[in-house]
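Chemist: Prediction below, plus the sequence it came from.
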Amino acid sequence: MFMKEVNGKYKQLYEIVDPFEYVWPADAEKYLTDFTKLILMRCIKPDKLVPVMVNYVVKKIGPQFIQPPPFDL
């Protein structure tokens, strides 16, 4: 029964359009760090990895690391 419930939760992650809307299961929140969630996202939804990585970088070290440098001739 437990595995069926877990599979259903991660199936929701696979089917969701915007990965930022996904609410991680309570038991997963206890054990997963932001980095391990990023790894799981890579395994389950590799097409959405770049926006999730950008969000991770902004959250951990700041938005200045994702902004391109100003163009100066």
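Modeler: Cool, got the structure. Numbers count the residues shown, from 1 in each chain.
Chemist: And what about F71, helix, strand or coil?
Modeler: Going by DSSP: H, G, I helix; E, B strand; the rest coil, the secondary structure assigned to F71 is coil.
Chemist: Can you get me a residue count around it?
Modeler: 5 (other CB atoms under 10 Å). (Glycine included, C-beta is placed from N, CA and C.)
Chemist: State the pLDDT value of it.
Modeler: pLDDT recorded at F71 is 84.
Chemist: so who does it touch?
Modeler: Remark: with contacts taken as CB atoms under 8 Å, 6 or more residues apart in numbering, F71 is in contact with nothing.
Chemist: quick one: it and K59, what's the gap?
Modeler: The spacing between F71 and K59, counted by CB to CB, to the nearest Å, is 27 Å.
Chemist: next one: L32
Modeler: Counting by CB to CB, the gap from L32 to K59 is 14 Å.
Chemist: from what I can see L40 touches L32, true?
Modeler: Yes - between L40 and L32 there is a contact at 7.2 Å, judged by CB atoms under 8 Å.
Chemist: Where does the prediction get shaky in this structure?
Modeler: Low-confidence regions of the chain, defined here as pLDDT under 70, cover residues 1-7.
Chemist: again, only using 80
Modeler: Applying pLDDT under 80 to the chain flags the ranges 1-10, 72-73.
Chemist: Who has more neighbours out of L32 and K59?
Modeler: More neighbours surround L32 than the other of L32 and K59, with 15 against 10 (other CB under 10 Å).
Chemist: give me every residue that touches the more buried one.
Modeler: If you count contacts by CB under 8 Å, 6+ apart, L32 has them with 24, 40.
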